[in-house]
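1. Need coordinates for the following:
(one chain, ligands or ions: 1)
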Amino acid sequence: MNELLLTDDERDRAGGRLVALLDGYERGLPKADVLPALDRTRLAELLATPMPERGIGVDALFDRWEDTILPNSTTVAHPRFLAYVLGPPNGIAPYAEAVAAALNQNCNFSQLSPAASVVERAVLEWLASVVGFPATSKGILTGGGSLATLQALATALHDRVPDFHATGLQRDAAPLVVYTSVEAHRSVDKAAAILGIGLDNVRHVRTDERHRMDVHALRAAIERDRRDGLRPWCVVATCGTVSTGSVDPLDAIADLCAAEDLWLHVDGAYGALFLLSEDMRSLMGGCARADSITLDPHKLLFVSLEAGCVLVRDGAKLRDAHAFDSSYLTVADDELMTDYMDYGPQLSRNFKAFKVWSALQAFGVEAFRAANERTLELAQRLGRGIEATPGLTLLAPVTLTAVCFAVDGASPAEVLETLAAENVALLGPVVVAGKRGIRACITNHRTSTADIDLILERLRR
Ligand SMILES: Cc1ncc(COP(=O)(O)O)c(C=O)c1O
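-> Numbers count the residues shown, from 1 in each chain. So this is what the prediction gives:
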């Protein structure tokens, strides 16, 4: 008897309890509180109670999940969870996660994960085709958009700084400069700081009246830095800014990067997968011209956390930046297989691609396109409702699914608190052009027109 395995009987019990738990969770969602009142005493007990010397067993564990963990978890799957760019997982996610855990493939090199290696490649090649990247591109699934951007900028450093691996940035040379907009996600600053670029060398270029990077200001900043003897190096444009969902003028920025010989990274964590819809090509088709791009399947593909992605147009550059020989890891070349340890900083990696691939297989691409188009329409509906309501002010044009607004005579915090307390919706705070407001981000495949109308109706009152 192995103390770390379940007996046949326990496996039966665990299976039955799991099915009941998932079913109960799903059926309970319509009545669930989007932001449950926390039982702080129970949570504090988690800290005060020592880990048991003897295990509590399957049934008691499920009881603990159900009485302590579930009721004290935010209901991300609620149809009116509209805070942040975060949606509920698709329906196959819990099953795919369970099977991936059972297989426990180490997605570092193909001997330890042969099917996984091919599945990840299939997912990445499909994502590249959605963006419009060439067949020479390569990528890797990451722990999220922030890590994808970090890896992209590491690749850009390796590509543009001679001997980067040998000498790093510890040399006597003019500072490299990265350009992004004032609306960029803070993961860009974080990546620049972590990689040693220094926040002083991040230019936050001003935006136009639609919150898009101002290309004239970008050009002027590059010229100024060149005049000052600095080294313009990289531009990070955004396809779907986190606050307002604006999309930078990607083609104009790509033209400028080509003329100035700068690496162009597009942060498409929020918006780029809207390219599933051909209609979006006029707005964001310029993603295809980037040197690298961040995508976030855990946003618009509603994959359970975590699943981000970086793609690099010239895949060899991603590999060159991340591949290190090690005598204890010997793998023979195989055309079918990819050793993902050569494409990112991690050695041991879980099988993220499985849940992405499984969802695409189970529901089909069309289902994701339809879900995303529905969220775009719902955002327009909310935007129109706000514009039509005296006392409510739309703070920014509705480009994607973020709807930013203010309520006359009420502080955003007050409104957010009331909406959450009455279980109307969980929305988030936003600052648009210095003005504090509220943001509904409809990255939620469960949201319906009735949900949007309910929110509007409460706001009107
Ligand atoms: C534009 C943008 N970039 C990057 C990120 C960070 O992505 P992640 O949370 O997956 O690290 C987000 C998250 O909302 C985002 O909206």
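
2. C-alpha from now on. contacts and neighbour counts both.
-> OK.

3. tell me which parts of the stretch 151-300 of the chain are close to the ligand?
-> The stretch 151-300 of the chain comes close to the ligand at residues 185, 187, 240-242, 267, 269-270, 296, as judged by CA under 6 Å from any ligand atom.

4. Mind checking which of those land in helices?
-> Counting by DSSP state H, the part of those found in helices is Ser187.

5. Please tabulate the residues of the stretch 151-300 of the chain next to the ligand in TSV and include pLDDT and neighbour count as additional columns.
-> TSV is the format used below for those (pLDDT from 0 to 100; neighbours: other CA atoms under 10 Å):
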residue	pLDDT	neighbour count
His185	98	20
Ser187	98	16
Gly240	98	29
Thr241	98	26
Val242	98	20
Asp267	98	32
Ala269	98	30
Tyr270	98	27
Asp296	98	29
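
6. can you pull the buried residues of the helix or strand bottoming out on mean pLDDT in the chain?
-> Every helix and strand of the chain was ranked by mean pLDDT, DSSP states H and E. The lowest is helix 164-167, at a mean of 94. Neighbour-count burial for helix 164-167 flags no residue at all (criterion: 16 or more other CA atoms under 10 Å).

7. these two touch, right, Thr294 and Gly271?
-> No - between Thr294 and Gly271 there is no contact, the gap being 9.9 Å when judged by CA atoms under 8 Å.

8. out of these two, which sits in the more crowded spot?
-> Using other CA atoms under 10 Å as the criterion, Thr294 and Gly271 rank with Thr294 on top: 32 against 27.

9. residues contacting the more buried one?
-> Applying CA atoms under 8 Å, 6 or more residues apart in numbering, we find Thr294 in contact with 145, 148-149, 152, 265-269, 308-311.

10. now do Leu459
-> No contacts exist for Leu459 under CA under 8 Å, 6+ apart.

11. quick one: which helix or strand includes it?
-> helix 449-460 (DSSP states H and E).

12. One more: Tyr95?
-> Per DSSP H and E: helix 93-103 holds Tyr95.

13. Can you name every helix or strand that that helix contacts?
-> Judged by 3 or more CA pairs under 8 Å, 6 or more residues apart in numbering; DSSP states H and E, the packing partners of helix 93-103 are helix 352-363.

14. On the C-terminal side of the helix it packs on, identify the next helix or strand.
-> Using DSSP H and E, the helix or strand that follows helix 352-363 towards the C-terminus is helix 365-387.

15. Farthest-apart pair in the contacts of Thr294, please.
-> Maximum pairwise distance among those (CA to CA): 15.1 Å, between His265 and Gly308.

16. List of residues touching the host helix or strand of Thr418?
-> Applying DSSP H and E as the criterion places Thr418 in helix 412-421. By CA under 8 Å, 6+ apart, the surrounding residues in contact with helix 412-421 are 34-35, 406-407, 425-429, 436-438.

17. pLDDT for these - can I get that in TSV?
-> Output for the contacts of helix 412-421, formatted as TSV (pLDDT from 0 to 100):
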residue	pLDDT
Val34	96
Leu35	95
Ala406	98
Val407	97
Ala425	98
Leu426	98
Leu427	98
Gly428	97
Pro429	97
Arg436	97
Gly437	98
Ile438	98
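
18. with those residues in mind, which one is nearest to Ala362?
-> Val34 (27.4 Å).

19. Is that closest one in contact with Val76, as I believe?
-> Yes - with contact defined as CA under 8 Å, Val34 reaches Val76; the gap is 7.1 Å.

20. quick one on the thing from earlier: give me the angle between the helix or strand that the helix holding Tyr95 is followed by and helix 352-363.
-> With elements assigned by DSSP H and E, the helix or strand that comes after helix 93-103 is helix 114-131. Relative orientation of helix 114-131 versus helix 352-363 (axes from the mean of the first three to the mean of the last three CA atoms, to 10 degrees): 70 degrees.

21. Which other helices and strands does helix 114-131 contact?
-> For helix 114-131, the elements it packs on are strand 138-142, helix 352-363, judged by 3+ CA pairs under 8 Å, 6+ apart.

22. Just give the number of residues close to Phe126.
-> Phe isn't right for residue 126; it's Trp. Look at Trp126: counted by other CA under 10 Å, it has 14 neighbours.

23. Oops, could you answer that again for Leu124 instead?
-> By the measure other CA under 10 Å, the count of residues near Leu124 is 22.

24. and what of Pro429?
-> 19.

25. wait, it sits on Lys435?
-> No - counting by CA under 8 Å, Pro429 stays clear of Lys435, with 10.8 Å between them.

26. Contacts only, for Arg446.
-> Going by CA under 8 Å, 6+ apart, Arg446 touches 77-79, 88.

27. Recalculate using a threshold of 6 Å.
-> Counting by CA atoms under 6 Å, 6 or more residues apart in numbering, Arg446 makes contact with Pro79.

28. Report the next helix or strand after the least confident helix or strand of the chain in sequence order.
-> Proceeding C-terminally, helix 164-167 gives way to strand 176-181 as the next helix or strand, assigned by DSSP H and E.
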